[in-house]
Structure formats: C-alpha cells, structure tokens
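Novice: Model the structure of this input:
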Amino acid sequence: MKLKEQLRLLAFVLALPMAFVACDSNDYQEEYPIFVEKGVYVFNSGNQGKSIEGSLSFIDEKTETVTNDVFKIANSRSLGSTVQDGVVLGNNLFVAVYESNTIEVVNKNTLVSIAQIRPTAAQAKGPRDIVTDGKNIYVSMFSGHVLRIDPSTNTIDKTIQVGPNPEEMVVANGFLYVVNSDGMNYNAGYANGKSVSKIALSTFTEEKKIAVGMNPTKIAADASGNVFALCMGDYGAVPSSLWKINSKDEAEEWKVTGTLMATKGNSIYVIDSPWGATATAMKYVVYNTLTGEMVKDNFVSTPADAAVGLAIDPVTEHIFITSYNLVGGFASADTPGYVNEYSADGTFIKKFDVGVGAVYMAFLK
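Specialist: Presented below is the predicted three-dimensional model:
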C-alpha cells in the first residue's frame, strides 16, 4: 500500500470516533424546537375562570434564562386547563392537569408528548398532586382517590380511596402520605378532612388515617423520616398550623403558621404569606425539624410580592419562590407571575417572568 493511501486510511479511522460523539445536544436542538437539560420546570396553572390555559415554563440552569410555553412549542397544542404539578421518572416528565382531567407524559428533554392518560369516571377525577417512589407514579385525585401509574405502559393499574379532596403527597419510610383537605366542604368546617392517609407502597393499600389540623393541603418529609403537614385552617378565624408526624405516627401540632413549606435535610423552610398580606407582614423562617427550634429568620434577602410556591434545588440548594405580581396593590391571579431565585444563604440572584398562576416547580438534573 502506498504511503498516500495509508495516510488516507489513517485519517478515515481517526475520524470514526468523531462520527459517534458528534451527536450531542446541539443535534437534538436542531431536530426538536425545545431541548432542555438542567434546570427548573415551572407549572403554570393558568386561570380557568378567565379561560386562561395552563402552561409549562423552563428555567435553564446554565444560561440563567427562562423559556415560556415550552409544551406548546414542542407539541403545537395546549397542555390543558389548570396545570398542577409534575415529576420526573426515568426519561419522562409526568404532568398533572386538574381541570382537563389528564396526566400528560412527555420526554423530559424535548417536552414532546408520549402519552396522555385520561382517567375514566370509575378511576376518579381531578389530578392534583403527582409524586414517584422511583418505581411508580402516584396521583392524588380531588374526587377522593389516589391513582398508581405503571410507567412502563403509562397506564393506571390501581385506584384506592382516601379522604375527601386530597392534595399534596410525599413518599417516606416506605409509605405514601396524602393530606385529605375536604376543601370543598368549607361550609361545614372541612369536617371530613383533618387527616393524613398513610398508604403502604408494597401493597398500595391505606393502612390508617392520622388526625391533624383543619384543611391540610401541603406535606413534606425531612431526612429523618418525619412527615410535616401544613393545615390551612379556614382562612379566617381558624389560623393555619404546622403538624409533625413521627415514625410512630404520633401527630403533634407546632405553634407555627404558614402557607408554604419545603424541607432540606433536617430543616424545614416555612413561608407565611396569606392572601392580601403585605411584604412586611410575611414571614420566612427556617426551623430544625428534630427540635422545633428556629434556625433562621428571614431566610431570603428580598421577599416575593405574593409567594405561592417554594422549592429547594437538591444539588445547588438554591431557593426558588413563585409569586403573583401585584396589580393595583393586590395579588393578580390572571396575569403572568414570576420566579425568584436565591442562593443557599438567601441572597437574591435573579427574577424570571413566567406564566399565569405559577405555583409548583420540579427540578431536572
């Protein structure tokens, strides 16, 4: 073989590995209108009463920019009415859409729809919260049920009944804990709620109901397996209250009011931002979950106007708060909201303008 031909062959062989590594995220960006890798999904509920559809925004961790309506851009259709929350499992993002009564399954990077799960009347109605144990997907349904979705087929494989109008859920200690708000029964003082359902994941059956305060809507767990339920009261005479449930299922009321919470290790971050409260009246406090002692007051340097969502990045520990904007001095639920990002020590970093009714967030890592 001549030297010239040998050099030509060598150049071809050396180029082969490049052909395999060249297919990176840039190629996907060319093929798909949306491609995201690391950051924060923001679930915008919209406003059903004003006929404003729900939407999905994405805050890019690397570029520190936000793209709105990413689902619509990827699929050329609406995500639905009253988008609630979402969770990542494997390669997919599962999104609960309340008013449309759907669970949308999309690729977590391209946001292209893979399946749309629509529960039948027999299976329950009204997706509210959605979580995973790393194996299955669980959805609380406002009709008083919890669904289990098999992610390998994207189908509902079991439904169980819990309390009336369940809201948030959390996985801890091999169980699924679900708050039962009885939120539609406000004229009777939410009488049939006031509980947390404890569901064994191994059998997907409810083991018991644990009594807590009035109108529980939010729930979280710390690193030690303690579960916390935030009870909203009646938004008037009965104030909100924070309850701690230990490993023995003993529930204890803390003398703490709040509207939002998130946990990090054995700390719980609580925001008390009732509707109509001024920024100076809002409270941002961190408590030790084991002792109940206050760890830090005013955990962010710049409070949000009307905080409605709180999440902590599990890797960077940055704090993210969704908020309504103020219109005429009042929180506006029918105009676009925003997300504030803070460092782990609470220093303000950046504000991102997102969709209408931005409440829940999920992280893509």
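
Novice: so where's the chain uncertain?
Specialist: Where the chain drops to pLDDT under 70, the residues are 1-30, 278-280.

Novice: just so I have it, where are all the helices in it?
Specialist: With helices called from DSSP state H, the chain shows them at 3-21, 25-31, 70-75.

Novice: the strands in the stretch 151-300 of the chain, which residues?
Specialist: For the stretch 151-300 of the chain, the strands defined by DSSP state E, counting those that start in this stretch cover 155-161, 166-172, 175-180, 195-200, 205-211, 216-221, 227-231, 241-245, 251-254, 260-264, 267-272, 283-288, 294-297.

Novice: Looking at those, which is nearest to I137?
Specialist: Each of the strands of the stretch 151-300 of the chain has some distance to I137 by Cβ to Cβ; the shortest is strand 155-161, at 9.4 Å. Using the backbone N, CA and C atoms, a C-beta is placed for each residue, glycine as well.

Novice: helices and strands around that closest one, which ones?
Specialist: When contacts are defined as 3 or more Cβ pairs under 8 Å, 6 or more residues apart in numbering; DSSP states H and E, strand 155-161 packs onto strand 145-150, strand 205-211.

Novice: swap the cut-off to 6 Å and go again
Specialist: Applying 3 or more Cβ pairs under 6 Å, 6 or more residues apart in numbering; DSSP states H and E, one finds that strand 155-161 makes contact with strand 145-150.

Novice: Pull out the buried positions in the strand it packs on.
Specialist: H145, V146, L147, R148, I149 (16 or more other Cβ atoms under 10 Å).

Novice: Neighbouring strands of it in the sheet, and parallel or not?
Specialist: Sheet partners assigned to strand 145-150 using DSSP bridges are listed as strand 137-141 (antiparallel), strand 155-161 (antiparallel).

Novice: In TSV: those strands, plus distance to Y360 and mean neighbour count.
Specialist: Below are these laid out as TSV (distance: least, Cβ to Cβ, whole Å; neighbours: other Cβ atoms under 10 Å):
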stretch	distance to Y360	mean neighbour count
strand 137-141	13	26
strand 155-161	21	15
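
Novice: just to revisit the earlier point, how about the strands of the stretch 151-300 of the chain, which one is nearest V83?
Specialist: Relative to V83, the nearest member of the strands of the stretch 151-300 of the chain by Cβ to Cβ is strand 166-172, separated by 15.3 Å.

Novice: can you give me the offset of the closest one from its chain's centre?
Specialist: 11 Å (Cα atoms, centre = their mean, to the nearest Å).

Novice: the inter-axis angle of that strand versus strand 241-245?
Specialist: Using axes from the mean of the first three to the mean of the last three Cα atoms, to 10 degrees, one finds that strand 166-172 and strand 241-245 are set 40 degrees apart in direction.

Novice: what packs against strand 166-172?
Specialist: So strand 166-172, by 3+ Cβ pairs under 6 Å, 6+ apart, packs with strand 127-132, strand 175-180, strand 216-221.
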